[in-house]
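Asker: The sequence isn't on hand, but the structure is:
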DNA sequence: TACCAGGAGAGCG
DNA sequence: CGCTCTCATGGT
């Protein structure tokens, strides 16, 4: 732990982007990324090894970071600013469920995250609430990540630790980050990647089927975790994570008479929601979690 | 107190 | 395959 006076600090660089159909708050709090903190009307996080502060004012996105970046493509890419949302929404099925879900949170977007950080986040996600996942990911960053340059007056932040760094940890050290039974999963996954048994970057150019199978060779990575990484980090447009929320929603809304089998449900999600089914899934998930969520089953 | 949380792995028939 | 149990931890 660095003392406050030793903390790396740096001057702020600023840039403004024009947003179209973009709800920054919904996007950063939707349970796809876990290192964003909301403070005084702004979102503070870490992207591509940089401290970032984002503020949305209508169609303006005000971005601040440290140092003097030559360009802002790293942020444009992460936020997927160039994606025409209206064209994607047009491909959704025009049923009442999807229409309601889109109207409820229009502007919700998919990010393009770092492969390893995303993979780690969702290995930790199993039977945890989003708040707990955030705490675990942040704890890993604080303990094992390299401190980043941060503007004066802001809390210190660290880069997310590499597979090599986490592979050096003991299981006990990881359990201290409240990982519980997921600790040995993450440790073994980090070791395999650090040792070169699996190259995460190479899967970016592979087919979704191959990438999915490769991810699922890692401990703690089943169908749901693999699909989350394929959607949130690799950007496969038709990756469709089926968690407990989506499972209940689809069963009750689309198979009201008798529940679909696993096979039928997989066939349904692969075809019914169209070529951007991953985006449709995110709208369904966000709607279920925020609007209906804790009050009643459906 | 008892129950559950954006699952996965292992052990059954 | 399809089902069930377990795993660690914190919050209602």
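Answerer: Sure, I can see it. Predicted model, so just to flag it, every value in this text is computed and none were measured.

Asker: quick one, phi/psi of the residue in the stretch 151-298 of chain A that DNA strand B sits nearest to?
Answerer: Closest to DNA strand B within the stretch 151-298 of chain A is residue A:222: 2.5 Å, counting by C-beta to the nearest atom of the strand. All C-beta spots, glycine's among them, are computed from the backbone N, C-alpha and C. Torsion angles at residue A:222 (phi, psi; degrees, to the nearest 10) stand at phi -100, psi -170.

Asker: Could you find the closest non-adjacent residue to it?
Answerer: Excluding its sequence neighbours, the residue lying closest to residue A:222 (C-beta to C-beta, 6 or more residues apart in numbering) is residue A:216, at 6.6 Å.

Asker: Look up the pLDDT of the one you found for me, please.
Answerer: Residue A:216 carries a pLDDT value of 98.

Asker: shouldn't it be in contact with residue A:226?
Answerer: Yes. Using C-beta atoms under 8 Å, residue A:216 is in contact with residue A:226, at 5.1 Å.

Asker: Please say which of these two ends up with more neighbours.
Answerer: More crowded of residue A:216 and residue A:226, by other C-beta atoms under 10 Å: residue A:226, with 23 against 14.

Asker: show me where chain A has strands.
Answerer: Using DSSP state E, the strands of chain A run over A:12-18, A:37-39, A:42-47, A:50-57, A:60-66.

Asker: got JSON lines for those strands, with distance to DNA strand B too?
Answerer: Listed next are the strands of chain A as JSON lines, based on distance: least, C-beta to the nearest atom of the strand, whole Å:
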{"stretch": "strand A:12-18", "distance to DNA strand B": "24"}
{"stretch": "strand A:37-39", "distance to DNA strand B": "17"}
{"stretch": "strand A:42-47", "distance to DNA strand B": "16"}
{"stretch": "strand A:50-57", "distance to DNA strand B": "19"}
{"stretch": "strand A:60-66", "distance to DNA strand B": "22"}
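
Asker: Switch the ones you listed over to CSV; also include mean neighbour count and mean pLDDT.
Answerer: Formatted as CSV, these follow (neighbours: other C-beta atoms under 10 Å; pLDDT from 0 to 100):
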stretch, mean neighbour count, mean pLDDT
strand A:12-18, 12, 97
strand A:37-39, 12, 96
strand A:42-47, 19, 98
strand A:50-57, 19, 98
strand A:60-66, 17, 98
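
Asker: And the residue of the stretch 151-298 of chain A closest to DNA strand B, how close does it get to DNA strand C?
Answerer: Distance, residue A:222 to DNA strand C, by C-beta to the nearest atom of the strand, to the nearest Å: 11 Å.

Asker: got it, and residue A:265?
Answerer: According to C-beta to the nearest atom of the strand, residue A:265 and DNA strand C sit 10 Å apart.

Asker: Read off the pLDDT value for that residue.
Answerer: 94.

Asker: What is the neighbour count of it?
Answerer: For residue A:265, using other C-beta under 10 Å, the count is 18.

Asker: which one is it nearest to, not counting chain neighbours?
Answerer: That would be residue A:250: by C-beta to C-beta, 6+ apart, it lies 6.4 Å from residue A:265.

Asker: check contacts around that neighbour.
Answerer: By C-beta atoms under 8 Å, 6 or more residues apart in numbering, residue A:250 lies in contact with A:242, A:260, A:265, A:268, A:269, A:284.

Asker: about what we covered before: so which of the strands of chain A gets nearest residue A:28?
Answerer: strand A:42-47 (5.2 Å; C-beta to C-beta).

Asker: And stretch A:246-257, how far out from the chain middle?
Answerer: Mean-position distance between stretch A:246-257 and its chain equals 25 Å (C-alpha atoms, centre = their mean, to the nearest Å).

Asker: near DNA strand C, which residues of chain A show up?
Answerer: Chain A has residues A:127, A:128, A:132, A:175, A:178, A:180, A:181, A:261, A:262, A:263 near DNA strand C, with proximity defined as C-beta under 7 Å from any atom of the strand.

Asker: Leaving aside the residues adjacent along the chain, what's closest to the fourth one?
Answerer: Leaving aside its sequence neighbours, residue A:175 sits nearest to residue A:183 (C-beta to C-beta, 6+ apart; 4.7 Å).

Asker: of all of chain A, which residue lies closest to DNA strand C?
Answerer: Relative to DNA strand C, the nearest point of chain A is residue A:180 (2.3 Å; C-beta to the nearest atom of the strand).

Asker: Neighbours of that residue, how many?
Answerer: Other residues within reach of residue A:180, judged by other C-beta under 10 Å, total 14.

Asker: Roughly how far does it sit from residue A:215?
Answerer: With the distance defined as C-beta to C-beta, to the nearest Å, residue A:180 ends up 21 Å from residue A:215.
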